[in-house]
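>>> Requesting a structural model of the entry that follows:
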Amino acid sequence: MAAWKHPKENSVDALQHGMEFSDGVEFDLKLSSDGDFVIFHDELLPGTGPRGERCIEMLGTDEVRSHGVATFDELLTDRGFTEAWESGGKTANIEFKMPHPIAKIKRDGHLRSMMGLLEQKLEPLDLPDRSALVYSFSPRIGPVAKSCGFGMPITRLVPHLRPWGHWKVKRAVGTPHFARTSVPGLIRNLRRNGMPVMGMALEFLNGWTRWINPGLPVGLHGGGLERFNRARAGMGAFVWPAPLELERALIGAGCSLISDNINPDIVSLPDGSARWPRPASQPLDEEWGARLYSAADGEHADLIDEASSSLPTWAELDQGRRRGIISEQGRRLLWSGSEDKWIAEAERGLPWGSPRIMGHRGAGKTHSW
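The predicted model follows:
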């Protein structure tokens, strides 16, 4: 069998692979000068020319496409992608990228245009509830969404990173916001603003950095995990980065992962256990969980292939199995409300508090930032 070839990040191939292989994808949308979406992460096209000649928002869609950048329309015409998205259990996290200051574009109007266009583009699709999330580092995403009646779930990514400069500079500038943000305080603020999910850097939950934030730290184990889950009470948590060595701990803590490890040849985690890439959209049952997690390294690939072809997807599960999964997650992760409430909400779409593995930029990033 030929080795897997990593597709370019944010390409249609990468996004189709990530949607099929994992529980969904995260990708970046920018608005070209003629008012259409392109799927691109950085503020500027690569190169050494003047910034004004490489700024996405100052270029037409055809010019951007000539540099190998996919459009959102191209993605939406890929039936493999949209059918998986519509089937249930799969999620797409859509990040609105803000323009470089050289474009001299006002944030609120730009966000408003992006929101209106996205709703228009997705209107023909039959997407289940909680299958799409829109977020941005811009602190204006909440007020703008409220002012224009945007109908999709949103959240703000933390810590705040500005939309220009080298990634090391961005992180340095974002450090003060990180240091003064307590996770319980963040959760309260998001909840007041009607945001059902938090998008957060791993450093809030793991390592010495979690001790920087005000108050008692939250974490992935013990008292820190209990504080985290009691505070969010079922609120979703999308976390990045998601190193393989922490994948089981993050999923066990009820976090959804924005993962760069979407290589289908990765069948084992660093601790030697098998890796299951679809905990939400194709959940393991008790029998398969026991088989996979007790198997020897050399058996992982064949067992994962067998499980992939035999286990039902979330959309195919019978009502009793769905109830069992949601009830177990809700009790263990300290969701608010009753089991009947959790189960009723799950019939309209996978709860945000259910952990997912998401392909970062589709199949994982292919450049350093």
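>>> Spatially, which residue comes closest to Asp297, not counting chain neighbours?
Ser268 (5.6 Å; C-beta to C-beta, 6 or more residues apart in numbering). From N, CA and C alone the C-beta is placed, and that goes for glycine too.
>>> Over to Val197?
Looking at Val197 with C-beta to C-beta, 6+ apart, the closest residue is Gly236, at 3.8 Å.
>>> before we move on, what about His367?
With C-beta to C-beta, 6+ apart, the residue lying closest to His367 is Glu9, at 7.0 Å.
>>> Can you read off the pLDDT for the one you found?
The predicted local confidence for Glu9 comes out at a pLDDT of 97.
>>> so it makes contact with Gly359?
No. Contact between Glu9 and Gly359 fails when scored by C-beta atoms under 8 Å: they sit 9.7 Å apart.
>>> who has more neighbours, these two?
Set side by side, Glu9 and Gly359 show unequal neighbour counts under other C-beta atoms under 10 Å, the larger going to Gly359 at 30 against 23.
>>> Which residues are in contact with Phe204?
Val158, Phe178, Thr181, Val183, Arg210, Asn213, Val218 (C-beta atoms under 8 Å, 6 or more residues apart in numbering).
>>> Kindly report the same for Gly47.
Applying C-beta under 8 Å, 6+ apart, we find Gly47 in contact with Arg54.
>>> heads up, I number from 8, so please use that
Fine by me, first position is 8 from now on; the one you just mentioned is Gly54.
>>> rewinding a little: now secondary structure too, for the contacts of Phe211, in TSV please.
Compiled in TSV, these are given as follows (DSSP: H, G, I helix; E, B strand; the rest coil):
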residue	secondary structure
Val165	strand
Phe185	helix
Thr188	coil
Val190	helix
Arg217	helix
Asn220	coil
Val225	coil
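>>> and which of these is nearest Gly296?
Relative to Gly296, the closest of those is Val225; by C-beta to C-beta it sits at 26.7 Å.
>>> so the closest one sits right up against Arg237, yeah?
No. Judged on C-beta under 8 Å, Val225 makes no contact with Arg237 at a distance of 9.6 Å.
>>> The two: which is more packed in?
Val225 (26 against 13).
>>> what's the helix or strand for the nearest residue to the more buried one once chain neighbours are set aside?
Counting by C-beta to C-beta, 6+ apart, Phe235 is the residue found nearest to Val225 once chain neighbours are left out, at 3.7 Å. Phe235 belongs to helix 229-239 when elements are defined using DSSP states H and E.
>>> Give the buried residues for that helix.
Taking 16 or more other C-beta atoms under 10 Å as the neighbour-count basis, helix 229-239 is seen to contain the buried residues Gly231, Leu232, Arg234, Phe235, Asn236, Ala238, Arg239.
>>> For the fourth one, report the pLDDT, please.
Yep, that's Phe235 we're talking about. Phe235 is assigned 98 on the pLDDT scale.
>>> OK, contacts around it?
When contacts are counted by C-beta under 8 Å, 6+ apart, Phe235 is found next to Val190, Leu212, Val225, Gly226, Ala260.
>>> got the CA positions of stretch 47-64 in CSV?
Below are the C-alpha coordinates for stretch 47-64, written out as CSV (Å, rounded to 0.1, in the frame of the first residue of the first chain):
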residue,chain,number,x,y,z
PHE,A,47,-6.7,30.6,3.3
HIS,A,48,-5.0,31.1,6.7
ASP,A,49,-2.4,33.8,6.4
GLU,A,50,-2.9,37.5,5.9
LEU,A,51,-0.7,37.7,2.8
LEU,A,52,0.1,35.4,-0.1
PRO,A,53,3.6,34.0,0.1
GLY,A,54,6.4,35.9,-1.6
THR,A,55,8.5,39.0,-1.2
GLY,A,56,6.5,41.5,-3.2
PRO,A,57,4.8,44.5,-1.8
ARG,A,58,2.2,43.6,0.9
GLY,A,59,-0.6,45.4,-1.0
GLU,A,60,0.0,43.0,-3.9
ARG,A,61,-0.3,39.9,-1.6
CYS,A,62,-3.1,41.0,0.7
ILE,A,63,-6.1,38.7,0.1
GLU,A,64,-8.7,41.4,0.7
